[in-house]
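**Student:** after the sequence you'll find the predicted model.
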Amino acid sequence: MIVAVGFGRALGIAGSRWFHLLAGITWIGLLYYFNFVQTPAFAGFEAPARTEAVRKLVPRALWWFRMAAALTFVTGLLILGFQDQFDGDYFKILPGMSIFAGMLMATVMFLNVWLVIWPAQQIVIANAERTAAGQEADPAAAPAARRAALASRTNTLFSIPVMFFMIGTSHFVAISDHFNIAPGGGKRAVWYIVVLVLTAVIEANALGLIGGYAPSPTRKFLDDHRQTIWAGFALWAIYFILILILFS
């Protein structure tokens with residue numbers, strides 16, 4: 001019985017990590033497809049061709065996108081559940097603090113997919129069906145597309161530091177001799193406050209809570225996918241430098 005339980009737990013650990021990786025690759029791959037391939041390509045399409053693509057291609061891509069995001073989120077929770085050191089002290093050490101940053105941003109990304117991007121894209125897809133049938137365009141389609149675009153670009157920005165923290169956490173364990181892996185309460189507080197505030201501000205900007213949805217200086221880096229990439233690396237650099245300052 002004990003052997004069976006141990007085998008089942010080992011299988012659960014391996015399975016959750018494996019499917020988390022597969023789902024995450026699919027999710028982020030489609031996120032990059034939407035931002036780096038589809039959006040620039042659609043901008044050059046004639047209206048009829050774009051309408052057909054929105055009707056026939058986008059729904060299929062979005063289904064895989066949503067399911068991959070959901071599976072990534074669920075398997076991430078399973079990994080935490082199987083974590084041996086997941087107790088009251090886990091988030092007091094560097095690996096736990098690292099995984100917290102990745103978890104927070106990834107959770108915001110997941111919520112953006114299901115609560116912002118998908119509802120907005122449903123309006124866009126329905127509008128494509130209307131215009132293909134010869135009906136008048138829905139005036140809500142353009143604002144919906146803008147909301148989806150800002151959330152999607154914000155997810156792209158977050159994905160860069162998320163990949164670092166999700167993968168880097170195990171590396172922090174391996175190089176723990178070079179870090180104070182049990183920093184004091186003050187240093188932990190600085191880390192959690194900075195991560196929470198930056199994530200909240202960036203997300204508020206995407207949701208139009210800072211200056212609405214119109215193009216502005218605060219959203220300039222979201223209107224060009226190249227600038228979004230650089231912004232993602234800038235956010236990663238802020239966190240990495242903070243780690244070096246607080247925990248070296």
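**Tutor:** Received the coordinates, thanks. Numbers count the residues shown, from 1 in each chain.
**Student:** got a list of what the residue nearest to the spatial centre of the chain touches?
**Tutor:** Central residue of the chain (Cα atoms, centre = their mean): M109, 3.4 Å from the mean position. M109 sits next to 69, 155, 158-159, 162 when contact means Cβ atoms under 8 Å, 6 or more residues apart in numbering. Where C-beta positions appear, they are placed from N, C-alpha and C, glycine not excepted.
**Student:** among those residues, which one lies nearest to Q122?
**Tutor:** Nearest to Q122 among the contacts of M109 is A69, at 15.6 Å by Cβ to Cβ.
**Student:** go through the host helix or strand of the closest one and flag the buried ones.
**Tutor:** Element membership for A69, per DSSP states H and E: helix 58-82. Buried residues in helix 58-82, counted by 16 or more other Cβ atoms under 10 Å: 58, 62, 65-66, 68-69, 71-73, 75-76, 78-79, 82.
**Student:** what's the answer for stretch 203-214, then?
**Tutor:** Applying 16+ other Cβ under 10 Å to stretch 203-214 flags 203, 205-208 as buried.
**Student:** end-to-end on that stretch?
**Tutor:** When the termini of stretch 203-214 are compared using Cα to Cα, to the nearest Å, they are 15 Å apart.
**Student:** contacts for it, please.
**Tutor:** Around stretch 203-214, the neighbours that count as contacts under Cβ under 8 Å, 6+ apart are 108, 112, 116, 143, 146-147, 150-151, 153-154, 201, 218-219, 222.
**Student:** off-centre distance for the helix holding A69?
**Tutor:** 11 Å (Cα atoms, centre = their mean, to the nearest Å).
**Student:** now do the helix or strand following it against helix 58-82, angle only.
**Tutor:** Moving toward the C-terminus from helix 58-82, the first helix or strand encountered (DSSP H and E) is helix 94-112. Orientation check (axes from the mean of the first three to the mean of the last three Cα atoms, to 10 degrees): helix 94-112 against helix 58-82 gives 150 degrees.
**Student:** for helix 94-112, give the mean pLDDT please.
**Tutor:** Helix 94-112 shows a mean pLDDT of 92.
**Student:** same thing with stretch 28-46?
**Tutor:** Stretch 28-46 carries an average pLDDT of 94.
**Student:** now do the SS call for N155.
**Tutor:** Recorded secondary structure, N155: helix (DSSP: H, G, I helix; E, B strand; the rest coil).
**Student:** state the phi and psi torsions of A140.
**Tutor:** Per-residue torsions, A140: phi -80, psi -10 (degrees, to the nearest 10).
**Student:** I figured it was touching A126, is that so?
**Tutor:** No. Using Cβ atoms under 8 Å, A140 is not in contact with A126, being 9.4 Å away.
**Student:** going by neighbour count, list what's buried in stretch 218-226.
**Tutor:** Going by neighbour count (16+ other Cβ under 10 Å), the buried part of stretch 218-226 is 219, 221-222, 225.
**Student:** can you pull out the helices in the chain?
**Tutor:** Ranges of helices within the chain are 2-32, 39-43, 47-56, 58-82, 94-112, 118-132, 141-174, 185-206, 225-247, based on DSSP state H.
**Student:** got TSV for those helices, with distance to A214 too?
**Tutor:** Output for the helices of the chain, formatted as TSV (distance: least, Cβ to Cβ, whole Å):
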stretch	distance to A214
helix 2-32	24
helix 39-43	18
helix 47-56	23
helix 58-82	24
helix 94-112	19
helix 118-132	16
helix 141-174	8
helix 185-206	12
helix 225-247	17
